[in-house]
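Visitor: give me a model of this one.
(chains A, B and C)
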Amino acid sequence: MANNHLTSESKQLATWYFTFAAILFGAQLLFGLVAAIQYVMPGFLYGILDFSIARILHINALVVWMVFAMFGAVYWLLPDETGIETIGIKIGKLLFWIFAAAIVVVVLVYLFIQVGPADETTIWFITEGREYIEAPRWADWGIVVVALGFVANLFLTGIKGRQTGIVTVLMADMIAFAGLYLAGMFFTDNISIDQYWWWWVIHLWVEATWEVYVGAIAAYGLITMIGAHRKVVEMWLWIEVAMLFGSGILGLGHHYFWIGTPEYWWEIGALFSALEPLPLVAMFIHVLYDWGKTQGAEMANEHTDEDNVKSVINNKPAFTWFVLNAFGNFLGAGIWGFFHTLPQVNLYTHGTQFTSAHGHLAFFGAYATILIGMMYIAVQGTNGIKVMKHTKASIWAVSMITGGVVGMTVALTIAGYVQVLVSRAQMGATWAAYFDGQSGLWFTQAMDWRLVMGVVTFTGFIFLAKDLLTTGKNPVHER
Amino acid sequence: MFEPFTDVVPSFFGWLNQGPLTLTLFLHTVIILPMIWIYFQEKKRLEEEN
Amino acid sequence: MANKSVWSDNRFWRRSATWVTGFASVLLIWLTFDTSAQIAMGNDQDLKDGVVKRVPGPTVINYKISYEMSSKRGHEVPVIGGNDGEGNSLFQEKEKFFGRDDWSEEEAGKLLHLGKLASQAKNCMDCHTLLGNGAYYAPDLTKAWLDPAWGPDGAMQALTGKETKEEAMAEFLQHPDQFATHARMMPDLGITKEEAIGLVAFLKHMSSIDTNGFPRNFGRMQGAVNGK
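Guide: Take a look at the predicted model:
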């Protein structure tokens, strides 16, 4: 990159990670659109790129772009937090290329080979066929190696440099994050055991370690963007760790209601995990309240003598995405999750579009938002911008992506209700019951709206990509 | 109020799971109770520092 | 600072977080040992001795399986080899599976192994749900073996031109695009005859897993009244 303001190699590596993450984000939306079209027109790409393949690519790209952006965000904040350059950055760069190349190969195999014969070679080289972690076994080992390298970078730097609360939490969290992946790397004939451990990866990632990760990033963001007091922010970070791990770890129980596991999981799953997203909103409110009373007011007053009151938030687009994260997490993970976490409700909603509605809003609200925010922070740093402002494109991006995802969520929730009431409660869950629900007018209309909202989201992504690429050179920002 | 055990195989957790939210209340309690001890320990430390 | 409250003290929260995380992890590991023992697969001797397992051994394919209300459990449970009237399995009534009801433990285990591998190699879970987990583009397969559509009164045996449930299912799996029941068709995934038999064994075995009453009222209600 020419005329780059970054002096830290760690931050340069972070921009690589963010760039690849953004490309995969686009791919995720594109394959999501294919799958959404297939709900409306089942013949679309039938026999060429079937729903199963489009969906694998949709959800795998989702997981992988988020992991990339998460690694990137850590490489970005490490020099700021520890006060030193990241140790082992050469290996970090090498691992980036290995990781990216492996992803490209896995995607090409998904696209062009798709399925294999029923033997171990398919599991090793084509697909493992387990939702979210379909990546073949060889790629699993690659991911383990890359993750261990990343964790080593983080630990060596964290131990040598300044150990802030944020770095401490990240160190503990990322080792768990990498270790949990191992729970999903074996084959068994017993589907109950299979799904038991499969959830260790999926749940303990997205409802425990990833959530704590987001807490640490939100803390970092509040300190860098508005100069919030570290003490207040880190106190909330610890409260968040306590509440997230305290409720999230045993909250795993809400996946063990119906997979063959004992009845006692009903009670464990029902009430743990209900409190997960509260502390993040609390952190935001407390920090903004404190800050507004003291620092914010002072900083604003300093500027009132000038013609226009200057902003005290040094990165508006990023801050917007961070605020969306606090509330999106609460709404998507918290409210939509709690809707169907009670076993009495889940008996009917389990495995319906209801879950899909929750998945869309939760992944977006809890993770996509804050990671996009981090991308803006990286653009700001890379271009040496002091105060970064909204542009037309950034406002369109925020509005269309958020509006699109919320629209899809509402549509899928309605579709879910139809499925729950007709296919499950009224008709008793058979093959015929399933298709009766799927051909209901409310269901098909909801799927039409989901597609429309998907297009809105994708258009928003184009604005986002344009803005991330061009806003750095835009003269509106203060340098 | 307390119901007979109905699950397939008896176990410690199954045994706790026989009344209105008994299992989940028990688990929440054993997780949270020690925090009271941590609270008083930290309170003492803060008072000594003052 | 004038008012130093424990509630706004970082050390208190850090220690609490450490305790809570550590203890919740220990509890989860304990629960995992307890659950793993309960969901370990049974064997042929268990079936012969009438031992109820949450996940029966592969030779369960030799038995008649149904899904009925258990008065003790308060929800539906898989009933293997006949019902004692209270929803408890008798483990007596056999049912032929591809013409045989004497599949040995080894043979049945091999079929199940092949079927489970096929279920992953063909990405079943990315359209269907298994035990309710997966994608929502196609019907749930948890109790697919017990679906009336495949039974003697259902449409699928006539549609595939086969006389038994298992043969109809195996035929469908090999040429799903020829037996469409909905505009949303299952694509041809190159499933061989052996793989199809394995998959049907896998489905029959899955229907014998005790899922705590999920799905509710399966197959008990038929014919859409106000469904559309």
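
Visitor: what's the closest non-adjacent residue to whatever residue of chain C ends up closest to chain A?
Guide: In chain C, the residue that lies nearest chain A is C:Q120 (3.1 Å; Cβ to the nearest Cβ). C-beta here means a position set from N, CA and C on the backbone, and glycine is covered the same way. Spatially, and ignoring its direct neighbours in sequence, C:Q120 is nearest to A:G129 (3.1 Å; Cβ to Cβ, 6 or more residues apart in numbering or on different chains).

Visitor: what pLDDT does that neighbour get?
Guide: Note for A:G129: predicted pLDDT of 94.

Visitor: what are the phi and psi values for it?
Guide: Main-chain dihedrals, A:G129, degrees, to the nearest 10: phi 60, psi 20.

Visitor: OK, contacts around it?
Guide: A:G129 makes contacts with A:123, C:119-126, as judged by Cβ atoms under 8 Å, 6 or more residues apart in numbering or on different chains.

Visitor: can you get me a residue count around the residue nearest to A:P117 when sequence neighbours are not counted?
Guide: Leaving aside its sequence neighbours, A:P117 sits nearest to C:A121 (Cβ to Cβ, 6+ apart; 6.4 Å). Neighbourhood size, C:A121 [other Cβ atoms under 10 Å in any protein chain shown]: 26.

Visitor: over to A:L108?
Guide: 10.

Visitor: wait, is it part of a strand?
Guide: No. A:L108: not assigned to a strand; according to DSSP: H, G, I helix; E, B strand; the rest coil it is helix.

Visitor: just the pLDDT for it.
Guide: Reading off the model, A:L108 has pLDDT 96.

Visitor: likewise the one 5 residues further on?
Guide: The predicted local confidence for A:I113 comes out at a pLDDT of 94.

Visitor: what's the answer for A:E9, then?
Guide: pLDDT for A:E9: 93.

Visitor: contact partners for the residue lying closest to it once chain neighbours are set aside?
Guide: Take A:E9 and drop its neighbours on the chain: the residue closest to it by Cβ to Cβ, 6+ apart is A:I89, 4.7 Å away. By Cβ under 8 Å, 6+ apart, A:I89 lies in contact with A:9-10, A:13, A:153.

Visitor: what does chain B have sitting close to chain C?
Guide: Residues of chain B found near chain C (Cβ under 8 Å from any Cβ of the partner chain) are B:6-9, B:11-13, B:27, B:30-31, B:34-35, B:38-39, B:42-43, B:45-46, B:49-50.

Visitor: close to chain A: what parts of chain B are there?
Guide: Residues of chain B lying near chain A (Cβ under 8 Å from any Cβ): B:6-9, B:11, B:13-14, B:16-17, B:21-24, B:27-28, B:31.

Visitor: if we go to 10 Å?
Guide: Proximity of chain B to chain A, by Cβ under 10 Å from any Cβ of the partner chain, involves residues B:5-28, B:31-32, B:35.

Visitor: can you show me the helices along the stretch 251-400 of chain A?
Guide: A:265-271, A:278-291, A:297-302, A:316-328, A:336-339, A:343-349, A:353-362, A:369-382, A:392-418 (DSSP state H, counting those that start in this stretch).

Visitor: mean pLDDT for the ones you listed: which is lowest?
Guide: helix A:297-302 (a mean of 69).

Visitor: give the contact list for the residue most central in space within chain A.
Guide: Nearest residue to the geometric centre of chain A (Cα atoms, centre = their mean): A:Y367, 3.1 Å. The neighbourhood of A:Y367, defined by Cβ atoms under 10 Å, 6 or more residues apart in numbering or on different chains, consists of A:62-63, A:65-66, A:69-70, A:206, A:210-211, A:213-214, A:217, A:325, A:328-329, A:332-333.

Visitor: what do you get for C:A40?
Guide: By Cβ under 10 Å, 6+ apart, the neighbours of C:A40 are A:190, A:192-193, C:53-55.

Visitor: if we use 8 Å, what do you get?
Guide: C:A40 touches A:190, A:193, C:55, counting by Cβ under 8 Å, 6+ apart.
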